[in-house]
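Novice: quick one: sequence and predicted model below, then my questions.
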2 protein chains.
Amino acid sequence: MDVISSAEQKCADNGVKLTKRRKQVLTALVECNAAVSAYELTELCNQQGYTAMPAMSVYRILDFLEGQSLVHRLSTTNKYIACSHISCQHSHFRRPQFLICNDCTRVQEVDVTSETLSAIERVAADVGFNLSDKQLEVSGTCSDCK
Amino acid sequence: MDVISSAEQKCADNGVKLTKRRKQVLTALVECNAAVSAYELTELCNQQGYTAMPAMSVYRILDFLEGQSLVHRLSTTNKYIACSHISCQHSHFRRPQFLICNDCTRVQEVDVTSETLSAIERVAADVGFNLSDKQLEVSGTCSDCK
DNA sequence: GTTAGTGATGATACAGAGTATCATGGCGGA
DNA sequence: TCCGCCATGATACTCTGTATCATCACTAAC
């Protein structure tokens, strides 16, 4: 089962629709296999020769897809990537974690141990903070760029 | 010894100058005691009635101050805060970590254990990433906003 | 089939964040 | 005094993201 079909299934399960336009955006993001800005993604969609995709729609659709956990927004770089787990049963019960390469656009979705996450939560709790469900983003240099 | 004098000393040690304009920006940031955007900080500077502070200068000066580890840029929110350790001897030998409140502008600079940082580094190393010296930002809800 | 309602999309305009570039000013050293 | 260098001023621009209203498409009730 391909990625888009899986995504469609997940949306159906949630009682929402993966429309043509939404599919188009998700497909472009999956295929480019990198972290791209909303405007870069708009470009990519428009290169595919369908009717023009306005940036405004891309923002709206990205919000929708993020709500369905099909894409992730990297707040440190203002870019978006397709979730690595669309086709599998992975649920984001823990906050997703990302390694972002400073040199190229590569982003790796990883799993740190729950002990590590707990350690961070404890430090936060010590100063009265409740962590929200947002993700962890750490930047560095990937193996290709070293 | 007050914060600004400490900052001046640190700059002198590095062979650079904390000019009048730079002092003005740093003072405004220290006094507002919150995370503010570059434009908000420009506002704050201009409210003090000196000669007008252009936003462009604020950006340049913030870059300078960040280079001197006197301020931190929070990339998840595009805001800036004064370093909590200007007056002490704390050196940022480890990446600084921040807890950001989603509801108010409060930001807490904290220290997670070095084991926790190592754990994150190990996960990164496993997929070929070298972590850079950037900081860790985690968002949540602070004690006041709960 | 027609009609009305609702959610998705289109279009335009705007606000906010950040950068590029060149001109000007001020200070220290030859 | 003059020169050079760095900091600052000024302007314009790009990129990111939001607000608002109009239109379209699908569904459900009649």
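Specialist: Nice, I can see it. Numbers count the residues shown, from 1 in each chain, chains lettered A, B, ... in the order given.
Novice: using the three-state scheme, assign the residue lying closest to residue A:62 once chain neighbours are set aside.
Specialist: For residue A:62, ignoring the flanking residues on the chain, the nearest one in space by CB to CB, 6 or more residues apart in numbering or on different chains is residue A:80 at 5.7 Å. Just so you know, the C-beta spots here come from the backbone N, C-alpha and C atoms, and that holds for glycine as well. The assignment at residue A:80 comes out as strand when based on DSSP: H, G, I helix; E, B strand; the rest coil.
Novice: point out where chain A drops to low pLDDT.
Specialist: For chain A, the stretches with pLDDT under 70 are A:49-50, A:89-95, A:133-134.
Novice: residues from it in reach of chain B?
Specialist: Within chain A, the residues that sit near chain B (CB under 8 Å from any CB of the partner chain) are A:75-77, A:97, A:99, A:101-102, A:108, A:110-113, A:115-116, A:119-120, A:123-124, A:126-132, A:134, A:136-143, A:146.
Novice: name the surrounding residues that touch the helix or strand encompassing residue A:45.
Specialist: Residue A:45 belongs to helix A:38-47 when assigned by DSSP states H and E. For helix A:38-47, the external contacting residues (CB atoms under 8 Å, 6 or more residues apart in numbering or on different chains) are A:24-25, A:28-29, A:32, A:36, A:52-55, A:58-59, A:62, A:78-80.
Novice: from the residues you listed, which land in strands?
Specialist: Judged by DSSP state E, those include A:79-80 as members of strands.
Novice: so what's the residue count around residue A:44?
Specialist: For residue A:44, the count of nearby residues is 19 (other CB atoms under 10 Å in any protein chain shown).
Novice: quick one: it from residue A:15, how far?
Specialist: 29 Å (CB to CB, to the nearest Å).
Novice: where's the residue nearest to the spatial centre of chain A, which helix or strand?
Specialist: Centroid check for chain A by CA atoms, centre = their mean gives residue A:72 as the closest residue, at 1.9 Å. Assignment of secondary structure by DSSP H and E places residue A:72 within strand A:71-74.
Novice: then residue A:64?
Specialist: Using DSSP H and E, residue A:64 falls in helix A:55-67.
Novice: who does that helix touch, helix- and strand-wise?
Specialist: With contacts defined as 3 or more CB pairs under 8 Å, 6 or more residues apart in numbering or on different chains; DSSP states H and E, helix A:55-67 has these neighbours: helix A:20-32, helix A:38-47, strand A:71-74.
Novice: near DNA strand D, anything from the helix holding residue A:45?
Specialist: Yes: using CB under 7 Å from any atom of the strand, helix A:38-47 comes into contact with DNA strand D via A:38-40.
Novice: that helix vs helix A:55-67, what angle?
Specialist: 110 degrees (axes from the mean of the first three to the mean of the last three CA atoms, to 10 degrees).
Novice: report the distance from helix A:38-47 to the chain centre.
Specialist: 16 Å (CA atoms, centre = their mean, to the nearest Å).
Novice: dump that helix to CSV, restricted to CA.
Specialist: Extracted C-alpha coordinates of helix A:38-47, given in CSV (Å, rounded to 0.1, in the frame of the first residue of the first chain):
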residue,chain,number,x,y,z
ALA,A,38,5.6,26.5,2.3
TYR,A,39,6.6,28.6,-0.6
GLU,A,40,9.1,26.1,-2.0
LEU,A,41,6.3,23.5,-1.8
THR,A,42,4.0,25.9,-3.6
GLU,A,43,6.6,26.0,-6.4
LEU,A,44,6.9,22.3,-6.5
CYS,A,45,3.1,21.9,-6.8
ASN,A,46,3.0,24.5,-9.6
GLN,A,47,5.8,22.7,-11.5
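Novice: so which bits of it are buried?
Specialist: For helix A:38-47, burial by neighbour count (16 or more other CB atoms under 10 Å in any protein chain shown) applies to A:38, A:40-42, A:44-46.
Novice: return the member of the residues you listed nearest to chain B.
Specialist: residue A:38 (15.5 Å; CB to the nearest CB).
Novice: burial measure for the residue nearest to residue A:119 when sequence neighbours are not counted, as a count.
Specialist: What sits nearest to residue A:119 in space, not counting adjacent residues and going by CB to CB, 6+ apart, is residue B:116, at 4.2 Å. Residue B:116: 21 surrounding residues under other CB under 10 Å.
Novice: so does the helix holding residue A:64 get close to DNA strand D?
Specialist: Yes: residues of helix A:55-67 contacting DNA strand D under CB under 7 Å from any atom of the strand: A:55-56, A:59.
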